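# model the structure of this input:
(one chain, ligands or ions: 3)
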Amino acid sequence: MTQVRRARVIAVGRNAAWAVFGDESEPRLVNFRKKARHPMPVPGDLVEAAPQADAEHLVVDSVLPRTFALERRTGGGRTKTMAANIDTLAIVAALTDPPIRLALIDRLIAFAVLHELEPALILTKPDLAGEPAADEISSIYHRIGVPALILQPKTGRGVEELRALIAARAAMLIGQSGVGKSSIFRALGGIGTVGDLTRFGRGRQTTTSARLFRMGDGFLIDSPGIGEFTLDPMPAIELAALFVEMREPAGRCRFSDCRHLSEPGCAVHAAVEAGTIAPSRYASYREILAGEAPA
Ligand SMILES: Nc1nc2c(ncn2[C@@H]2O[C@H](COP(=O)(O)OP(=O)(O)O)[C@@H](O)[C@H]2O)c(=O)[nH]1
Ligand SMILES: [Mg+2]
Ligand SMILES: [Zn+2]
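Numbers count the residues shown, from 1 in each chain. Ligands and ions are numbered 1, 2, ... in the order given. Purely as a prediction, here's the structure:
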């Protein structure tokens, strides 16, 4: 390797990242310059890297512009970029253990709709929750056009379905800790560890960062668990548009500025009463609108 080449970042440490070049299958270590002007690379980034003067090590020259960057707020009001260039949000939730939080799922789906990412729902631990629970939850999401797969990584249940669903996509697994993200990542062929950034990268290994696995034309990113997930506050009309099943009835409410709470002649409310909008989805809408802390 003599000149500048493009590589996909798969894991990031403090001073170096692992990245896969072109058609190669093994990741290589790429160092960051001490005073680099580019943003800190994240999994999913495309970087340009060239050999260092010693010709032995590679160094990142630039980070290519991102089509999308997934940012999340951390404690203290700061934001952290989790992943770049994804087009699909694979929301992972355990049917039980930890208890399922539909409000978190609905926040993540609304976030996906807002940013024009494809949402998909992966429900794990059907063996612990039972089939009726699995069917009940998956049907809520099938009804609104979100693919919902039931997966049990240990037995392989649902794994090939998921592979087909995200083929050629740039997907990221997102969800609470302990729901099975890393198990899914491994079941698809992803490797949990990609070498020791401590030894090679002059820095501390970040065990809390995301990891990427290339799958054909696409890739899948495993991410650390998110405890909570909030959407920036927005007016009712904008939030209702992110709940796809509310769009049509929202156009039939008596008042054009209806917030779909307790206004008379609210067609959204009527749809909930009639059973065409799932009560849990409506509860999530109200919770997000009220700016309540995530359940
Ligand atoms: N019984 C059962 N356990 C599962 C299933 N999926 C994952 N687990 C277990 O749940 C625990 C957490 O899984 P992990 O993949 O580390 O979750 P992550 O924190 O989301 O990455 C592990 O002990 C897994 O073996 C499942 O479908 N059924
Ligand atoms: Mg994990
Ligand atoms: Zn209304």
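# which parts of the chain sit against ligand 2?
181, 182 (C-beta under 5 Å from the ion). The way it works is simple: take the backbone N, C-alpha and C, and place the C-beta from them, glycine included.
# which residues in the chain form helices?
102-114, 126-129, 131-142, 159-166, 181-187, 197-200, 236-242, 244-250, 267-274, 279-289 (DSSP state H).
# comparing the ones you listed by mean pLDDT, which bottoms out?
Lowest mean pLDDT within these: helix 197-200, at a mean of 46.
# tell me how many other residues crowd residue 224.
When neighbours are counted by other C-beta atoms under 10 Å, residue 224 registers 16.
# from residue 136, how far off is it?
Noted for residue 224: a distance of 29 Å to residue 136, by C-beta to C-beta, to the nearest Å.
# residue 158 too?
17 Å.
# those two: who's more crowded?
Between residue 158 and residue 136, residue 158 has the larger neighbour count (other C-beta under 10 Å), namely 20 against 12.
# quick check: residues of the stretch 101-250 of the chain near ligand 1?
Contacts of the stretch 101-250 of the chain with ligand 1, taken as C-beta under 6 Å from any ligand atom, map to 124-125, 127-128, 152-153, 177-183, 225.
# most neighbours, which of these?
Neighbour counts for these peak at residue 124, which has 29 neighbours (criterion: other C-beta under 10 Å).
# that residue - nearest residue in space that isn't next to it in sequence?
residue 180 (3.9 Å; C-beta to C-beta, 6 or more residues apart in numbering).
# test my guess that that neighbour contacts residue 126.
No: using C-beta atoms under 8 Å, residue 180 makes no contact with residue 126, being 10.9 Å away.
# mutual contacts of the two, please.
Both residue 180 and residue 126 are contacted by residue 151, under the criterion C-beta atoms under 8 Å, 6 or more residues apart in numbering.
# quick check: the residue nearest to residue 173 when sequence neighbours are not counted vs residue 22, distance?
Excluding the flanking residues, the one nearest residue 173 by C-beta to C-beta, 6+ apart is residue 181, at 4.3 Å. Applying C-beta to C-beta, the value for residue 181 to residue 22 is 28 Å.
# contacts only, for the nearest residue to residue 179 once chain neighbours are set aside.
Among residues not flanking residue 179 along the chain, residue 94 sits closest, at 4.3 Å (C-beta to C-beta, 6+ apart). Residues near residue 94 by C-beta under 8 Å, 6+ apart: 100, 123, 124, 125, 128, 129, 176, 178, 179, 180.
# so which pair among the residues of the stretch 101-250 of the chain next to ligand 1 is furthest apart in space?
Farthest-apart pair in these is 127 and 225; separation 20.8 Å (C-beta to C-beta).
# I appreciate the help and will end here.
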